[in-house]
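Chemist: need a structure here:
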Amino acid sequence: MAELTRKELILIIAAVPGDAELRLAGLDLTGLDLSRLCLKQANFSHSNLQQTNLAQADLRGAILEEADLTGADLFQANLQNAHLQNAILDQANLSGANLSGARLEQANLRQANLRQAKLWETELKGANLTGADLRESMLERADFQDVNLQGANLEGAYFKATRMPDGSIFGLAR
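Modeler: Residues are numbered from 1 along each chain as shown. Reported below is the predicted structural model:
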């Protein structure tokens with residue numbers, strides 16, 4: 001059960017000055033509807049966000065290190081430059097999400113939906129993408145070194161200067 005309601009969280013966001021950090025680390029926000037909220041640069045590290053609705057939320061620069069986002073809905077969320085190291089995103093819906101410049105080292109994205117996601121210059125070193133759906137995703141300059149892609153669907157994905165699991169570069173411009 002979530003520690004806060006959507007209404008309480010909106011009041012907290014409104015009370016934080018524009019340049020101050022929104023500190024939500026370690027909270028249990030399971031199942032909350034946080035869709036379309038501006039959570040830019042919020043600190044959710046070590047938080048429980050399982051089954052949370054973050055669809056179309058603005059999470060640019062947010063800190064989600066070691067957060068549990070199992071089954072979360074991040075449809076078309078803006079996660080540019082977000083910190084998701086060691087996060088759990090198993091079965092999360094990240095379709096159409098913008099993960100450009102995000103840090104996902106050692107993250108678990110088993111069975112995650114990343115269809116049509118933007119992963120430009122995204123760091124994924126050591127991540128687990130077993131069974132993930134990456135169809136039609138943009139993978140330009142993404143780093144997949146040491147990533148587990150077993151059973152992942154990469155049909156129609158766009159590769160350009162993408163570092164592959166074996167360290168090779170795929171999709172070099174000629």
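
Chemist: alpha carbons only for contacts and neighbour counts from here, please
Modeler: Noted.

Chemist: thought Leu89 was touching Glu66?
Modeler: No - checked against CA atoms under 8 Å, the pair Leu89 and Glu66 is beyond contact range at 10.0 Å.

Chemist: more crowded one of those two?
Modeler: Applying other CA atoms under 10 Å to Leu89 and Glu66 shows that Leu89 carries more neighbours, namely 29 against 22.

Chemist: distance check, that one against Lys160.
Modeler: Noted for Leu89: a distance of 25 Å to Lys160, by CA to CA, to the nearest Å.

Chemist: how about Ala57?
Modeler: Per CA to CA, Ala57 is found 28 Å from Lys160.

Chemist: the two - which one has more neighbours?
Modeler: The neighbour comparison of Ala57 against Lys160 (other CA under 10 Å) goes to Ala57, with 22 against 17.

Chemist: tell me the spacing between the more buried one and Phe144.
Modeler: Going from Ala57 to Phe144 by CA to CA gives 25 Å.

Chemist: contacts for stretch 147-155 next, please.
Modeler: Contacts to stretch 147-155, defined as CA atoms under 8 Å, 6 or more residues apart in numbering, come from residues 124-137, 165.

Chemist: swap that for stretch 15-23, please
Modeler: With contact meaning CA under 8 Å, 6+ apart, stretch 15-23 is reached by Ile13, Leu39, Gln41, Ala42, Asn43, Phe44.

Chemist: please apply the same query to stretch 85-97.
Modeler: Taking CA under 8 Å, 6+ apart as the rule, stretch 85-97 contacts 64-79, 103-118.

Chemist: for Ala62, which non-adjacent residue is closest in space?
Modeler: For Ala62, ignoring the flanking residues on the chain, the nearest one in space by CA to CA, 6 or more residues apart in numbering is Gln41 at 3.9 Å.

Chemist: that neighbour contacts Leu64, correct?
Modeler: No - checked against CA under 8 Å, the pair Gln41 and Leu64 is beyond contact range at 9.7 Å.

Chemist: shared neighbours of the two, anything?
Modeler: Among the neighbours of Gln41, those also in contact with Leu64 (CA under 8 Å, 6+ apart) are Ala82.

Chemist: residue boundaries of the helices in this protein?
Modeler: Taking DSSP state H as the criterion, the chain carries its helices at 6-15.

Chemist: can you give me the strands in it?
Modeler: Applying DSSP state E to the chain gives strands spanning 162-163, 169-170.

Chemist: tell me how far Val147 lies from Thr130.
Modeler: Separation of Val147 from Thr130 (CA to CA) stands at 9 Å.

Chemist: where in the protein is pLDDT low?
Modeler: 173-174 (pLDDT under 70).

Chemist: how deep is Gly151 tucked in, by neighbour count?
Modeler: For Gly151, the neighbour count with other CA under 10 Å is 13.
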